[in-house]
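>>> what's the 3D shape of this:
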Amino acid sequence: MIPSVITICRNPGGTILRTSASLAEQTLRCEWLVIDGASSDGTPERLRALPRPPDVLVSEPDKGIADAFNKGLARAGGDAVLFLNAGDAFAGADALRTLTQAWIPGPHRWITAGAEVRREDESVLFTRPPPAGDPRDLIRHDCRIWHAATLCETALLREVGGFDTSFRSSMDYELWVRLISRGHAPQICPAIIARFYQGGASANLARRHAENRRARAMHGLQNGRLTEWRLSLVNTLKSLAPRGAWAYRLKERLGW
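Below is the predicted model:
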């Protein structure tokens, strides 16, 4: 299998080099697509000058993150796709190979693994493997599925219509909820595959929390009132100290 890795960006500055270096060191060959939202910071030129430039580079205005994801999905040539945003990286040179080799495509049309969240100074904020057991546990307590640690059949994502462009922050979460609600449970891989760096659209916690609730309601996977209250409380705590680890660790310790 030769997977397609899709990177979306708009004016990412030098952080795109962290992502490109991570792609270049992978021991498994992959197709790399970059969907750039008409950056004005020299990103297209920077990418073309790389020793390992993207296989596909599109630089044009888009209608948001979900639209950019869909553009990449439409152009992907691999049997499976993974979305690694600009600034993020794989956890090691064998990360993509580990995820691909662990996957048993027959009973599972997608596979998801763990990730760690880092600050820009490379200190680790927290590490989270995916929970085993009921796949609905991946989405009950907001999003426990990392798109940079998830491989999906390209055909599956196209069958379900790709990403919903009405979601500005939680388009990935809505897609996972949609897949699980339709009976497509993922295979779980315990390995830590990706590194996320703080920032980006997901840092808008209030909007993301509201969109996550909307996604669950759309697909009939709502939580009980107590669980929703807990999620609201934790998101409030995280918004008060967005660069502190204590709120994240509290959420992990309580299983929220």
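>>> run the chain-centre distance for the lengthiest strand in the chain.
What stands out as the longest strand in the chain, according to DSSP state E, is strand 187-197. Computed by Cα atoms, centre = their mean, to the nearest Å, the separation of strand 187-197 from the middle of its chain amounts to 10 Å.
>>> buried set for that strand?
187-189, 191-197 (16 or more other Cβ atoms under 10 Å). Backbone N, C-alpha and C define where each C-beta goes, glycine included.
>>> send me whichever helix or strand comes after it as CSV with only the CA atoms.
Later in the chain than strand 187-197, the nearest helix or strand by DSSP states H and E is helix 205-218. Extracted as CSV, the C-alpha positions of helix 205-218 are listed here (Å, rounded to 0.1, in the frame of the first residue of the first chain):
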residue,chain,number,x,y,z
LEU,A,205,-12.3,25.6,22.2
ALA,A,206,-15.8,27.2,22.5
ARG,A,207,-16.5,26.8,18.8
ARG,A,208,-15.1,23.3,18.7
HIS,A,209,-17.1,22.2,21.7
ALA,A,210,-20.4,23.6,20.2
GLU,A,211,-19.7,21.9,16.9
ASN,A,212,-18.9,18.6,18.6
ARG,A,213,-22.3,18.7,20.3
ARG,A,214,-23.9,19.5,17.0
ALA,A,215,-22.2,16.6,15.3
ARG,A,216,-23.3,14.1,18.0
ALA,A,217,-26.9,15.4,17.7
MET,A,218,-26.9,15.1,13.9
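>>> low-scoring stretches of the stretch 101-250 of the chain, by residue?
131, 199-205, 223-224, 226-250 (pLDDT under 70).
>>> these two touch, right, residue 71 and residue 36?
No: with contacts counted by Cβ atoms under 8 Å, residue 71 stays clear of residue 36, the gap being 10.1 Å.
>>> returning to that earlier point: from the buried residues of strand 187-197, pick the one nearest residue 164.
Distance ranking of those against residue 164, using Cβ to Cβ, places residue 196 first at 21.6 Å.
>>> state the distance from the closest one to residue 61.
Remark: distance between residue 196 and residue 61 (Cβ to Cβ, to the nearest Å) = 26 Å.
>>> show me where the stretch 51-200 of the chain has its helices.
65-75, 95-102, 137-140, 154-159, 171-181 (DSSP state H, counting those that start in this stretch).
>>> mind listing residues that contact the first one?
Right, helix 65-75. Residues outside helix 65-75 that contact it (Cβ atoms under 8 Å, 6 or more residues apart in numbering) are 4, 6-8, 33, 35, 37, 56, 58, 62, 81, 83, 154, 157-158, 162-169, 171-172, 201.
>>> repeat the analysis, applying 7 Å as the threshold.
6, 8, 33, 35, 37, 56, 58, 62, 81, 83, 157-158, 162-165, 167, 171, 201 (Cβ atoms under 7 Å, 6 or more residues apart in numbering).
>>> just the ones of the residues you listed in strands?
6, 8, 33, 35, 56, 58, 81, 83.
>>> could those residues go into CSV alongside neighbour count?
Below are these laid out as CSV (neighbours: other Cβ atoms under 10 Å):
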residue, neighbour count
6, 27
8, 24
33, 25
35, 27
56, 17
58, 18
81, 26
83, 26
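>>> parallel or antiparallel, which strands does the longest strand of the chain pair with?
Strands adjacent to strand 187-197 in the sheet, as given by DSSP bridges, are strand 89-90 (antiparallel), strand 110-118 (parallel).
>>> name the stretch among the helices of the stretch 51-200 of the chain that sits most buried.
With neighbours taken as mean count of other Cβ atoms under 10 Å, the helices of the stretch 51-200 of the chain reach their highest mean count in helix 171-181, at a mean of 22.
>>> that one to strand 110-118, inter-axis angle?
With axes from the mean of the first three to the mean of the last three Cα atoms, to 10 degrees applied, the angle from helix 171-181 to strand 110-118 works out at 150 degrees.
>>> what packs against helix 171-181?
helix 65-75, helix 137-140, helix 205-218 (3 or more Cβ pairs under 7 Å, 6 or more residues apart in numbering; DSSP states H and E).
>>> what angle sits between the longest one and helix 171-181?
In terms of direction (the same axes, to 10 degrees), helix 205-218 departs from helix 171-181 by 20 degrees.
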